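> requesting a structural model of the entry that follows:
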Amino acid sequence: MRRRSVAAGTVGNLVEWFDWSVYGFFAPYFAASFFPLSDRIAQLLSVFAVFAVGFFVRPLGGALLGSYADRHGRRAGMTLTILMMAGASALMALTPTFATIGVAAPILLVIGRSLQGFSAGGEFGTSSAFLVENAEPGRRASAGMWQQVSVGAGTLSASLLASVMFVVLSPEALSAWGWRVAFLIGAVLGLVGLYLRARVPDTAVSTHVRATGQVPRRPLLEVFRRYPRKALLVIALVAAGTGLVQFWFVYLPTLAQLRTGAALKTGQVAAAIGLAVFTVLLPLSGRLSDRFGRRPLLIFFALGSAVTVAPLVTSLRPTLPSLALAASIAGVLLAAYAGSLAAVMAEQFPPEVRTAGISLPYGVAVAVFGGLSPLVATALLDAGRFHFFLAGVVVLCLASAVVYWRMPETKDLPL
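Numbers count the residues shown, from 1 in each chain. This next block holds a predicted model:
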């Protein structure tokens, strides 16, 4: 049953992140379908602005769906999120172009992206709580890291699909219909996640607190009233990591093209290699976190990223070895961060408000630091001020290191 529960939490989340990532990878190809602007940079800024919209809807999804999962159970929350994500992907795949229906096309794109963001906002906290609450004693990070494995595997699957399609199809075919195929695949995979999640029971912890009437009527209000500092800590925990995940694993192909002139498919393969390194190292990271604690790995990630991000970016060349090396180093550092994340967030809150406590702060952090990353990077790169972006990343990583250093260790606390 524990293996089935891990499969339900991870495979469904894999589908969520596959759908989420397809947008970023194929954005350069469908930008002209929805924003027929003469300036290529203006097209990319428009499509990445919609990308950011999905992130900014996440806090709302986290607030409502997190509270729903506390009141009705983790399984109910995860089933709802996967259904919404699959529907959003189908909507974006089938939306006609601007040339066909005019301004309704970008409006429907925004609606689909917003629905993706809403469902993803509730997904992370719910699946994190589900996996950690099903863990064996002393193995919470090892169980919770599967949530991040599913994030990596979902993003990697989308990256591999994009890499294959970029090689097989011409740029004209990708712009005309190839990107629609990618969104449709995500919608179909959503049915698999829905099936798996409908077949597993809820966690014993969630079932008990609901059966004994311990869940408040408004879990999110209870978080604000009793655990505001914990909610702020979750934002601080996530800020640097989520920004760098989007920067290295989603934005890298576009960055490489604009900064070095590399082909999109070259950057896509490099991002896939970095994601593979990240995903493969997560089980080791989870075991180290369970043995030595959450803080050491998080501090290693923050300081390592602060030292390496600027040299890695400035040394990029339009070749696969150069791009893959940068993405792989980032993958090692981000694995240290992600292996502890689900467990350390779940350990901040009691079970009756756990998903609400994780979901909203996590959604806020992802919206601000993850959603704006490609948009701000593109704008500053076009303005010749990209060094400001790199300086901001370094400052954020150093601030995160201070937070990790001062936070209490939670690996041995009871759930």
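> let's verify the residue nearest to Gly73 when sequence neighbours are not counted: helix, strand, or coil?
Sequence neighbours aside, Asp202 is the residue nearest to Gly73 in space, at 4.1 Å (criterion: Cβ to Cβ, 6 or more residues apart in numbering). Any C-beta I mention is one placed from the backbone N, CA and C, and that applies to glycine too. Using DSSP: H, G, I helix; E, B strand; the rest coil, the three-state assignment for Asp202 comes out as coil.
> isn't Asp202 right up against His72?
No: Asp202 is beyond contact range of His72, at 9.0 Å (criterion: Cβ atoms under 8 Å).
> okay, and for the stretch 251-400 of the chain, where does confidence drop off?
Within the stretch 251-400 of the chain, no range satisfies pLDDT under 70.
> all helices of it, in order?
For the stretch 251-400 of the chain, the helices defined by DSSP state H, counting those that start in this stretch occupy 252-260, 264-292, 294-314, 320-346, 354-365, 372-382, 386-406.
> so which of these comes closest to Leu80?
Judged by Cβ to Cβ, the one of the helices of the stretch 251-400 of the chain that comes nearest to Leu80 is helix 354-365, at 12.1 Å.
> hmm, back to that, return the residues in contact with the residue nearest to Gly73.
Gly73, Arg74, Arg75, Ala76 (Cβ atoms under 8 Å, 6 or more residues apart in numbering).
> how about the helices of the stretch 251-400 of the chain in a markdown table, adding distance to Val53?
Listed next are these as a markdown table, based on distance: least, Cβ to Cβ, whole Å:
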| stretch | distance to Val53 |
| --- | --- |
| helix 252-260 | 18 |
| helix 264-292 | 22 |
| helix 294-314 | 26 |
| helix 320-346 | 24 |
| helix 354-365 | 13 |
| helix 372-382 | 10 |
| helix 386-406 | 20 |
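> which secondary structure element contains the closest residue to Val364 other than its chain neighbours?
Spatially, and ignoring its direct neighbours in sequence, Val364 is nearest to Pro59 (4.8 Å; Cβ to Cβ, 6+ apart). Per DSSP states H and E, Pro59 falls inside helix 40-72.
> packing partners of that helix?
Counting contacts by 3 or more Cβ pairs under 8 Å, 6 or more residues apart in numbering; DSSP states H and E, helix 40-72 is packed against helix 2-34, helix 74-94, helix 104-133, helix 204-211, helix 219-226, helix 354-365, helix 372-382.
> turn the helices of the stretch 251-400 of the chain into a markdown table, including mean neighbour count and distance to Val132.
Formatted as a markdown table, those follow (neighbours: other Cβ atoms under 10 Å; distance: least, Cβ to Cβ, whole Å):
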| stretch | mean neighbour count | distance to Val132 |
| --- | --- | --- |
| helix 252-260 | 22 | 30 |
| helix 264-292 | 22 | 11 |
| helix 294-314 | 20 | 12 |
| helix 320-346 | 24 | 4 |
| helix 354-365 | 30 | 9 |
| helix 372-382 | 20 | 27 |
| helix 386-406 | 17 | 19 |
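> and those helices: which comes nearest Gly121?
Comparing these by Cβ to Cβ, helix 354-365 comes nearest, at 4.2 Å.
> returning to what we had before: so which of the helices of the stretch 251-400 of the chain is nearest Gly138?
That would be helix 264-292 among those, by Cβ to Cβ, at 6.1 Å.
> quick one: contacts for Leu191?
Residues near Leu191 by Cβ under 8 Å, 6+ apart: Ala86.
> and the strand or helix carrying it, what's buried?
For Leu191, the host element (DSSP H and E) is helix 179-198. Buried residues in helix 179-198, counted by 16 or more other Cβ atoms under 10 Å: 179-187, 189-190, 193-194, 196-197.
> now Pro106: closest residue in space that isn't a chain neighbour?
Using Cβ to Cβ, 6+ apart and skipping the chain neighbours, the partner closest in space to Pro106 is Phe34 (4.7 Å).
> before we move on, back to that, give me the buried positions along the helix holding Pro59.
Across helix 40-72, burial judged by 16+ other Cβ under 10 Å covers 43-72.
> residues contacting the residue nearest to Pro106?
Contacts of Phe34 by Cβ under 8 Å, 6+ apart are Ser46, Val47, Val50, Thr97, Phe98, Ala105, Pro106, Leu109.
> with Asp382 instead?
So Asp382 contacts Ile41, Leu45, Leu258 (Cβ under 8 Å, 6+ apart).
> again, but for Gly9
Gly9 is in contact with Met78, Ser127, Phe130, Leu131, Asn134, Trp146, Gln147, Ser150, counting by Cβ under 8 Å, 6+ apart.
> and those residues, which of them are buried?
Met78, Ser127, Phe130, Leu131, Asn134, Trp146, Gln147, Ser150.
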